[in-house]
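let me see the structure of the following:
(chains A and B)
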Amino acid sequence: RKEVEQDPGPFNVPEGATVAFNCTYSNSASQSFFWYRQDCRKEPKLLMSVYSSGNEDGRFTAQLNRASQYISLLIRDSKLSDSATYLCVVRGYFGNEKLTFGTGTRLTIIP
Amino acid sequence: GAVVSQHPSWVICKSGTSVKIECRSLDFQATTMFWYRQFPKQSLMLMATSNEGSKATYEQGVEKDKFLINHASLTLSTLTVTSAHPEDSSFYICSAGPRLGPLNNEQFFGPGTRLTVL
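Numbering: from 1, shown residues only, chains lettered A, B, ... in the order given. Below you'll find the model as predicted:
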C-alpha cells in the first residue's frame, strides 16, 4: 500500500463548479499535512496546510480526519487558473522533516 | 523571502557524462535540503536528505555512489549525477527548510532541473 494515496483523475470540471479531492495516508504517526499545487513542468507550490479543525483560504477548504487518516480539499467557484495537479503531502513525526507526496490529482477547469 | 534557486534549469548531456545540479537558498539558511526526482506523470520521489556538514541520507533504492550529494553550507547543496544514462532523464527538484529561527516547518522548493541524457 502506498503511503499517500490519491485518485489520479483526471477531473474535468466546468468553470464555476465545486470540486473535491480526497487523500488517504497509511502512517498514523504522521504529524503535518499539506496540499500542494503543481503546474505542468514546474515545481510544487504550497497551497495550504491542513489542520484537524479544518481551515479555509478563500475558495479553498481543507479538512483532516485523523481517525480515518483522510484528508480532503474542496475548491468552490472554480476558475480556469485552478487547472493543475493537486498533491496531497504528509510529513512524519516532529524532527523528521521528510515529505511524502501522493501521485497527485489532475484537475482541468473547462470554460 | 524564502526563495530557492536551482542551476541549471535544464541540461542535455551524452550518456556516460556527469552532471552537477546546484540548489541554493537565496535569502535564508536552511538546516536541511532535500533532493527529489519526478518522472513523467508520476509524483515526486525523495532521493536523499542532506544536512549541512554531514553525509546525506539516501532513500531505499537510490545509489549513493551514482547520485553524489555535497552540502557545504547552509545555503548550498549540490547533486551530481555520475555516469548519466538515458534512464536518469528526469525532473530533479530540491527543497530547503525549515528556516533557522522561529518555528517554521515549511519546505521551499526550487524551480527544478530537467535532465535529458541522450
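
what does chain B put close to chain A?
B:32, B:34, B:42-46, B:49, B:91, B:93, B:95, B:97-98, B:105-107, B:109-112, B:114 (Cβ under 8 Å from any Cβ of the partner chain). Every C-beta, even on glycine, is put in place using the N, C-alpha and C of the backbone.

residues near residue B:14, how many?
8 (other Cβ atoms under 10 Å in any protein chain shown).

excluding its backbone neighbours, what's nearest it?
residue B:118 (5.6 Å; Cβ to Cβ, 6 or more residues apart in numbering or on different chains).

which residues sit in contact with the one you found?
B:12-15, B:86 (Cβ atoms under 8 Å, 6 or more residues apart in numbering or on different chains).

at 10 Å what do you get?
Under the criterion of Cβ atoms under 10 Å, 6 or more residues apart in numbering or on different chains, the neighbours of residue B:118 are B:12-15, B:17, B:84, B:86, B:89.

same thing with residue A:23?
A:4-7, A:33, A:35, A:50, A:64, A:69-73, A:86-90, A:102-105.

try 6 Å
Going by Cβ atoms under 6 Å, 6 or more residues apart in numbering or on different chains, residue A:23 touches A:6, A:71, A:88, A:102.

need the pLDDT of the last one.
Per-residue confidence for residue A:102 comes out at a pLDDT of 93.

picking up where we left off before, neighbour-wise, which one of the contacts of residue B:118 leads?
Result: residue B:84 is most packed of those (other Cβ under 10 Å), 22 neighbours.
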